[in-house]
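In: Pasting the sequence and the predicted coordinates here, then a few questions.
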Amino acid sequence: MSQYKEIRSRPWFQDLYINKYASQPYDFTGSKINTEHLNTFALDWIEYIEDSGEIDFILLEQYKEEFIQYSKEHFNAIDQRIRRTIKDLFRKRGTYIPNNRRESVTEQFISLLNLDKCPLWPEHDLKLAMNDPNFRCMQTIERKNAERKNAKRSSNTPPPALSSIPVRARRTQGHLLDRWTRQPG
């Protein structure tokens with residue numbers, strides 16, 4: 001997973017962001033698709049998500065709330081670079097979208113609108129994504145919490161029985177092990 005760059009730092013941002021449409025919801029009443037407005041709306045949404053820090057399920061819910069009315073034609077009208085950035089943002093923020101050639105990015109976006117929960121990351125993709133220090137995902141947070149619990153449990157386990165330690169090691173460490181296993185009395 002490549003390093004994600006914020007939307008305003010991309011060289012094409014100024015070319016696609018039209019100020020007269022800034023912070024304006026898209027009007028679906030017309031029969032003609034307004035590409036400039038769609039691009040600006042999508043860029044505003046990306047910027048909002050970057051600032052808010054939403055991840056996983058909350059990000060997915062925000063997306064569905066904002067894009068539920070979009071058809072395949074609306075998504076296709078959004079500039080390809082913006083669509084790619086949205087996909088990268090989803091992946092960086094823990095919502096799994098596969099990198100494949102079977103579905104177009106537009107088809108993947110439409111599929112996301114129909115999900116009730118975030119898809120789980122396949123192990124291989126998750127390991128690759130975790131190489132990015134800015135990657136955030138509930139799946140990894142839950143895993144790290146479980147590892148911490150397991151580490152805490154294992155740190156509370158008593159040392160092995162003396163019979164399982166070689167005689168030579170018992171001679172050098174015996175007094176420490178005796179103290180550990182001795183009952184207070």
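Out: Looks like it arrived, so ask away.

In: Domains in the protein, by residue range?
Out: The chain breaks down into these domains under automatic domain parsing: 7-136, 144-181.

In: Would you mind measuring from Phe75 to Gln139?
Out: In this structure, Phe75 and Gln139 are 26 Å apart, going by CB to CB, to the nearest Å. Placement of C-beta: from N, CA and C, glycine included.

In: er, Glu65 I mean
Out: For Glu65, the distance to Gln139 - CB to CB - is 23 Å.

In: Could you do Ser9 as well?
Out: 28 Å.

In: who has more neighbours, the two?
Out: It is Gln139, of Ser9 and Gln139, that has more neighbours when counted by other CB atoms under 10 Å, with 17 against 7.

In: tell me the contacts of the more buried one?
Out: Gln139 is in contact with 56, 94, 120-121, 126, counting by CB atoms under 8 Å, 6 or more residues apart in numbering.

In: and with 7 Å instead?
Out: By CB atoms under 7 Å, 6 or more residues apart in numbering, the residues touching Gln139 are 94, 120-121, 126.

In: Pick out the most distant pair among these.
Out: Gly94 and Leu120 (10.6 Å; CB to CB).

In: picking that back up, could I get the domains of the chain as a markdown table with mean pLDDT?
Out: A markdown table is the format used below for those (pLDDT from 0 to 100):
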| stretch | mean pLDDT |
| --- | --- |
| domain 7-136 | 93 |
| domain 144-181 | 61 |
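
In: Is Gln24 in a helix, a strand, or coil?
Out: Using DSSP: H, G, I helix; E, B strand; the rest coil, the structure places Gln24 in coil.

In: Look at it and say how many residues are nearby.
Out: Applying other CB under 10 Å, we find 12 residues neighbouring Gln24.

In: now Leu38
Out: 21.

In: Which of Gly94 and Leu120 has more residues huddled nearby?
Out: Gly94 (24 against 10).

In: Please list all residues in contact with the more buried one.
Out: 55-56, 136-139.

In: Deepest-packed of the domains of the chain, please.
Out: Across the domains of the chain, averaging neighbours per residue (mean count of other CB atoms under 10 Å) puts domain 7-136 on top, at a mean of 15.

In: I figured Glu50 hits Ile7, correct?
Out: Yes: applying CB atoms under 7 Å as the test, Glu50 and Ile7 come out as touching, 6.4 Å apart.

In: between the two, what contacts are shared?
Out: Shared contacts of Glu50 and Ile7, counting by CB under 7 Å, 6+ apart, come down to nothing at all.

In: quick one: the helices in the chain?
Out: Taking DSSP state H as the criterion, the chain contains helices spanning 13-16, 35-52, 56-67, 72-77, 80-92, 105-113, 123-129, 138-155, 167-181.
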